[in-house]
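Enquirer: need a structure here:
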Amino acid sequence: MWRRHVTEQTAIFLSVTKWVVLSSFVGVVIGAVVTFFLKILMIGEESRHELPFDYYYLLPFALVLTVMLVRTFAPNAEGHGTEKVIEAVHKKHGKIDLAVIPVKLFATVVTLFAGGSVGKEGPGAQIGAGAASLISDLLRFSKEDRKKLVICGISAGFASVFGTPIAGAIFGVEVLIIGVILYDVLLPSFIAGFAAFTTAQFLGIEYTYFDIHFFQSVALDLPLILKVVAAGLFFGIVSDVVVSAVNGAHKLLKRVPAHPYLVAFGGGLVLVALAKVFGTQYLGLGLDTIKEVLTPHAYTPVDISWYAFLLKTLFTSVTLAAGGSGGIITPLFYIGATSGAAFGDLVGSGSHITLFAALGFVSVLAGATNAPIAATIMAVELFGLEIAHYAALSAVISFLITGHRSVFPSQILAMKKSEMLEVKVGEVIEKADVDLHDTEIGRIRDIKARLQKRRERLKEQKKRKLSVVKAEKKE
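Expert: Below is the predicted model of the structure:
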């Protein structure tokens, strides 16, 4: 008996040691690569003012260049990054083409330099996963080990871009399968995320955190809890709108009977026109707007239009559908934060607008990506422990209300979000067949039958009353 015990513990010790070493190494490499990517982005944004014209006039040409680069050198670099990594994990055991790393990096820099409404975390995750896949091939890992290391790459890329190592680790293991967390990859994901985050900090990347509790009271009270529940419902609807818009725009432009270069150029012209009409605050990463709504203002209200989240959804949908390269999560943060500020203003919580902006920041992420646990932990890492209970409540409600859809169509569905629904699990969410459960259909039919009988009884009663009235008049 003791021999089995010793054998078991020895095997586990060796396995843990192996993954501590591998994930640490991969995290450091990815942290360095992502730091290089982030610094190029910063240099690009800072050099825009040297142009003799408004930078967004470059959008039609930038989108054409991006489409040309991706189609020519790395078709798997198309879109917003994380989706392609999820697809590679599920269908190719994490095998990612090496060309994805430079192509994704350059294409994203070009898109963001010209003002495309995309994020930086998708490319970060895809670059990280690509680096992990390369290391796996060089070390001749098995398919299962490569898959684990690529998931570590997702976590490390996410953690080093946003400065949230714990949320990054959880996101990497939660986003792949809806309703399942891959516990066997949890330890290496944590280590890779922390190693990448620490490396990025060491190399000069600075992150922004918000201490909401320092400025505002977020103590537990019933009226505020009820408002948070309502906010969760609202953010679920916002997430649904975003998912429908992004996926719908992509499908719509795919059906346009024109060459992809013409579609990209036309999409760029649309974005230029939108920027002329509504302003440039909806272009690019939008980090200044996010900071504005998440910075508590004791006496001065936030001067941002209530419909800002709708316009950001439009700008992002057009950019990605037309062939722009970049992530989707930074736009989700913008949409969540601005919709939260609008909700806080709507319900008359002037003193809690920043709180609702923070809740929207993580809740729209939870709903649109089906990652409520990672979103809740991110709230704690970015905004402080005091927001945890509200963030968990709002994020989970948003996750459920969004339904069986996602900005990542390759996610595998392993649960249903309501016992009233009949959902086929094990399929990618894009092909999920959702319908009412037979029991619920029977109940609805029973209710309809009862209502019909009641209407018939009421009609009979009216007829009798009319007959009585007519008879009295004759008399």
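Enquirer: same for the strand or helix carrying residue 3, what does it pack against?
Expert: Element membership for residue 3 (DSSP states H and E) is helix 2-46. The contact analysis (3 or more CB pairs under 8 Å, 6 or more residues apart in numbering; DSSP states H and E) places helix 2-46 against helix 100-113, helix 121-138, helix 143-162, helix 186-202. In short, each C-beta sits where N, CA and C put it, glycine included.
Enquirer: please identify the deepest-packed of these.
Expert: Per-residue neighbour counts averaged over each of these give the maximum for helix 143-162, namely a mean of 29 (mean count of other CB atoms under 10 Å).
Enquirer: next SSE after that one?
Expert: Secondary structure here is assigned by DSSP H and E; on that basis, the next helix or strand after helix 143-162 toward the C-terminus is helix 165-174.
Enquirer: just checking, what packs against the helix or strand that that next one is followed by?
Expert: Per DSSP H and E, the first helix or strand lying C-terminal to helix 165-174 is strand 177-178. Judged by 3+ CB pairs under 8 Å, 6+ apart, the packing partners of strand 177-178 are strand 412-413.
Enquirer: same question for the very next helix or strand once past the strand it packs on: list its buried residues.
Expert: In the C-terminal direction, the helix or strand that comes right after strand 412-413 (DSSP H and E) is strand 421-423. For strand 421-423, burial by neighbour count (16 or more other CB atoms under 10 Å) applies to residue 423.
Enquirer: which one of the helices and strands packed on helix 2-46 lies nearest to residue 384?
Expert: Distances from residue 384 to each of the helices and strands packed on helix 2-46 were compared using CB to CB; the minimum, 15.9 Å, belongs to helix 143-162.
Enquirer: burial measure for residue 7, as a count.
Expert: The number of residues packed around residue 7, counting by other CB atoms under 10 Å, is 10.
Enquirer: please begin residue numbering at 503 from this point
Expert: Okay, using 503 as the starting number, the last item reads as residue 509.
Enquirer: one step back: C-terminal to the helix holding residue 505, what's the next element?
Expert: In the C-terminal direction, the helix or strand that comes right after helix 504-548 (DSSP H and E) is helix 561-575.
Enquirer: and whichever helix or strand comes after that following helix, what does it pack against?
Expert: Past helix 561-575, heading to the C-terminal end, the next element that is a helix or strand (DSSP H and E) is helix 584-594. Helix 584-594 sits against helix 623-640, helix 645-664, with contacts defined as 3+ CB pairs under 8 Å, 6+ apart.
Enquirer: do that again at 10 Å, thanks
Expert: Under the contact criterion of 3 or more CB pairs under 10 Å, 6 or more residues apart in numbering; DSSP states H and E, the helices and strands touching helix 584-594 comprise helix 602-615, helix 623-640, helix 645-664, helix 667-676, strand 679-680, strand 914-915.
Enquirer: let me know the average pLDDT across the last one.
Expert: Throughout strand 914-915, pLDDT has a mean value of 88.
Enquirer: do the longest one as well
Expert: Across helix 645-664, the average pLDDT comes to 89.
Enquirer: how near is residue 773 to residue 551?
Expert: Relative to residue 551, residue 773 is positioned 20 Å away (CB to CB, to the nearest Å).
Enquirer: which of the two has more residues huddled nearby?
Expert: A side-by-side neighbour count of residue 773 and residue 551, using other CB under 10 Å, places residue 773 first with 27 against 7.
Enquirer: pLDDT score for the more buried one?
Expert: According to the model's per-residue confidence, residue 773 sits at a pLDDT of 96.
Enquirer: mind telling me what element it is part of?
Expert: Assigned by DSSP H and E, residue 773 falls within helix 762-780.
Enquirer: what helices and strands are in contact with that helix?
Expert: helix 561-575, helix 724-756, helix 810-823.
Enquirer: next SSE downstream of it?
Expert: If you walk from helix 762-780 toward the C-terminus, the next helix or strand you reach (DSSP H and E) is helix 789-796.
Enquirer: and that next one, what does it pack against?
Expert: In terms of contact count using 3+ CB pairs under 10 Å, 6+ apart, helix 789-796 is assigned the packing partners helix 810-823, helix 831-848, helix 855-871.
Enquirer: to residue 625, which of the ones you listed lies closest?
Expert: Comparing the helices and strands packed on helix 789-796 by their distance to residue 625 (CB to CB), the top pick is helix 831-848, with 10.4 Å.
Enquirer: mind listing what's buried along the closest one?
Expert: Judged by neighbour count (16+ other CB under 10 Å), helix 831-848 contains these buried residues: 831-847.
Enquirer: I'd like the helices and strands packed on helix 762-780 as JSON lines, with distance to residue 632, mean neighbour count and mean pLDDT appended.
Expert: As requested, these are exported to JSON lines (distance: least, CB to CB, whole Å; neighbours: other CB atoms under 10 Å; pLDDT from 0 to 100):
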{"stretch": "helix 561-575", "distance to residue 632": "13", "mean neighbour count": "21", "mean pLDDT": "92"}
{"stretch": "helix 724-756", "distance to residue 632": "22", "mean neighbour count": "19", "mean pLDDT": "93"}
{"stretch": "helix 810-823", "distance to residue 632": "20", "mean neighbour count": "25", "mean pLDDT": "95"}
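Enquirer: reformat those helices as TSV; add distance to residue 921.
Expert: Written out in TSV, the entries for the helices and strands packed on helix 762-780 read as follows (distance: least, CB to CB, whole Å):
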stretch	distance to residue 921
helix 561-575	42
helix 724-756	18
helix 810-823	31
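Enquirer: ok, which of the ones you listed comes nearest residue 619?
Expert: With CB to CB as the measure, helix 810-823 is the member of the helices and strands packed on helix 762-780 nearest residue 619 (3.9 Å).
Enquirer: packing partners of that closest one?
Expert: helix 561-575, helix 602-615, helix 724-756, helix 762-780, helix 789-796, helix 831-848.
Enquirer: what does the fifth one contact?
Expert: This means helix 789-796. Outside of helix 789-796, the residues that reach it under the criterion CB atoms under 10 Å, 6 or more residues apart in numbering are 547, 622, 710-712, 714, 783-784, 788, 804-806, 810, 814, 832, 835-844, 846, 855-860, 862-863, 884-885.
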